[in-house]
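Fold the following for me, if possible:
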Amino acid sequence: MAEQGHGEIPARNMPASVEAGMFIWYNHFNMNEVPFTADKISAQAEMFANRLGKRYRHLRKWARRIGCDAFRLYDRDIPEIPLVLDVYAVPGIDPSQAIMPEHEGAVPAVSGPFVAGALYKRQDGDPSAVDGEAAWLSAMKGVVGTVLAAHEKNIFLKERERGNEQYAKIDNRSVTTVVHERDTRFIVNLSDYLDTGLFLDARKVRSWLRERCGGKRVLNLFCYTGSLSVAAVKGGAVSVDSVDLSLTYLAWSRKNFALNGLAGERHRFVRADALRFIKQASGKETNKGRTWDIIVLDPPVFSNSKKMTGFFDVRRGHERLIQDCLSLLAKNGTLLFGVKLKRFSLDPRSFPAATITDVTRRMRDEDFCVKNGGKWYVFQKKR
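As a prediction, the model looks like this:
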């Protein structure tokens, strides 16, 4: 088959056997078959190296200017190389880059940068395809190490399969390091989960929140590892309530608070089903309602956790959820709502009590200026 460039590759039926020296590689978006030779792997490695080098030079300079040492480096920029790569503890931006193993057997301390990335699982097929994929991935990993001058032990590439649990634990090495955004620090786990514990695409969201929390009471629902809660306290919030169903992530949130020297009885970590928490906070069960000046609502797209009652689907449940949160806002309060969907729209008629502003573009930073998988809205409660 002739090379098709970066466009769509016509679908073909799977051959009965794989020609010697070739393997079948599956594009995980359209699942069309693409036979690859060793020469083609080499050619793709060269393309990949050129792209990574250009992006790394540009983003490293940009990151140094804004004072952060973690960013999205590559996001399927070349369709034939469908990897997503994030870089952490980039050298030359902050001197505190030591790896922090949490138990014996973790990866030994080496200097940054660290790379965490993902490759979606390919369609099952001929065993040669699996072998070929391993060779292809090894070559791409070698490119990452060479271009970024990253130690092999610092590169963590995981297999991300559509429909798998985003927050499930997949390893036990507990390889962690600390990354920086200006004067704020966060712990990231490079080895144990599909995600590292810090959403880099929410960097401007943290900045936005920090600028608006002075003297405010803040509620952070589905708080995950508490990075937005840290930003709120850094911005002068008088109290922050961080709510999540996971004890693991609440403990992680506490560690992020401690890392930044933040403490106080005014800041609470609440283990609860956020949907249930909202109902209780509204006073519908106790007739004793609470209010907050700012509420952060960044729910999962879908959740059917055994620890919660029923399931949650943001497409079906967002209107009721937002309405309930608006009822918890104090006078002139603000609700920041995020949704991790590319295709999503709100009907303003469903929220007559608030003025709605789409701030998605404002929340996109330099490393996500082309691709960003979510949307953000600000609801300002009317008087």
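
buried set for stretch 248-264?
For stretch 248-264, the neighbour count (16 or more other C-beta atoms under 10 Å) marks 249-250, 252-257, 260, 262 as buried. Using the backbone N, CA and C atoms, a C-beta is placed for each residue, glycine as well.

oh, I was asking about stretch 149-158
150-151, 154-158.

Can you add pLDDT, distance to Phe71 and secondary structure and give those back as TSV?
Shown next, in TSV, are the buried residues of stretch 149-158 (pLDDT from 0 to 100; distance: C-beta to C-beta, whole Å; DSSP: H, G, I helix; E, B strand; the rest coil):
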residue	pLDDT	distance to Phe71	secondary structure
Ala150	95	14	coil
His151	92	19	coil
Asn154	94	16	helix
Ile155	96	16	strand
Phe156	95	16	strand
Leu157	93	17	strand
Lys158	89	18	strand
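
Out of those, which comes closest to Ser111?
Nearest to Ser111 among the buried residues of stretch 149-158 is His151, at 7.4 Å by C-beta to C-beta.

hang on, isn't that closest one packed against Gly145?
Yes. Between His151 and Gly145 there is a contact at 7.3 Å, judged by C-beta atoms under 8 Å.

quick one: Lys153 is in a helix?
Yes. Lys153: assigned to a helix according to DSSP: H, G, I helix; E, B strand; the rest coil.

Any figure for the gap between it and Arg76?
Lys153 sits at a distance of 25 Å from Arg76 (criterion: C-beta to C-beta, to the nearest Å).

can you check Phe222 too?
Note on Phe222: its distance to Arg76, by C-beta to C-beta, is 26 Å.

of those two, who's got more company?
Phe222 (21 against 15; other C-beta atoms under 10 Å).

need the contact list for the more buried one.
243-244, 274, 297-300 (C-beta atoms under 8 Å, 6 or more residues apart in numbering).

Now do it against Cys213, distance only.
In terms of C-beta to C-beta, Phe222 sits 18 Å off from Cys213.

what does Arg60 give?
30 Å.

sorry, back to before: and of the contacts of Phe222, the nearest to Gly333?
Among the contacts of Phe222, and counting by C-beta to C-beta, the member closest to Gly333 is Leu297, at 12.3 Å.

Which neighbouring elements make contact with the one helix or strand Asp86 maps to?
Asp86 is located in strand 83-88, with elements delineated by DSSP states H and E. In terms of contacts (3 or more C-beta pairs under 8 Å, 6 or more residues apart in numbering; DSSP states H and E), strand 83-88 is packed against strand 71-75, strand 114-120, helix 127-148.

Let me have these in TSV, adding mean neighbour count as columns.
As requested, these are exported to TSV (neighbours: other C-beta atoms under 10 Å):
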stretch	mean neighbour count
strand 71-75	22
strand 114-120	21
helix 127-148	17
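
mind checking which of the ones you listed is nearest Ser239?
With C-beta to C-beta, the closest approach to Ser239 among these belongs to strand 71-75: 31.4 Å.

That closest one - contacts with which helices or strands?
When contacts are defined as 3+ C-beta pairs under 8 Å, 6+ apart, strand 71-75 packs onto helix 38-66, strand 83-88.

Identify, out of these, the most deeply packed stretch.
Most buried of the helices and strands packed on strand 71-75, by mean neighbour count (mean count of other C-beta atoms under 10 Å): strand 83-88, with a mean of 24.

Parallel or antiparallel, list what pairs with it.
Strand pairing for strand 83-88, using DSSP bridges, gives strand 71-75 (antiparallel), strand 114-120 (antiparallel).

Extract the CA atoms of the longest one and return them as CSV.
Going back to what we said before, that points to strand 114-120. C-alpha atoms of strand 114-120 as CSV (Å, rounded to 0.1, in the frame of the first residue of the first chain):
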residue,chain,number,x,y,z
PHE,A,114,9.7,13.0,33.5
VAL,A,115,7.3,12.0,30.9
ALA,A,116,3.9,10.4,31.3
GLY,A,117,2.0,9.4,28.2
ALA,A,118,-0.7,7.2,26.8
LEU,A,119,-1.5,5.1,23.8
TYR,A,120,-5.0,3.8,23.3
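
which residues are contacting that strand?
Strand 114-120 has contacts (C-beta under 8 Å, 6+ apart) with 28, 73-74, 82-89, 99, 137, 144, 148, 150, 154-162, 177, 188, 190, 194, 196.

cutoff 6 Å now
For strand 114-120, the surrounding residues in contact (C-beta atoms under 6 Å, 6 or more residues apart in numbering) are 28, 83-89, 144, 150, 154-160, 177, 190, 196.

what angle sits between it and helix 127-148?
If you take axes from the mean of the first three to the mean of the last three C-alpha atoms, to 10 degrees, strand 114-120 sits at 150 degrees to helix 127-148.

Could you check stretch 174-183 and say which residues are buried?
174-181.

Return the member of these nearest to Val230.
Nearest to Val230 among the buried residues of stretch 174-183 is Glu181, at 9.5 Å by C-beta to C-beta.

so which of the helices and strands packed on strand 83-88 gets nearest Leu328?
strand 71-75 (33.0 Å).

So for that closest one, mean pLDDT?
Strand 71-75 shows a mean pLDDT of 96.

cool, and stretch 325-337?
96.

re earlier: nearest to Glu46, out of the helices and strands packed on strand 83-88?
helix 127-148 (8.6 Å).

so for the closest one, what's the average pLDDT?
Here the average pLDDT along helix 127-148 is 83.
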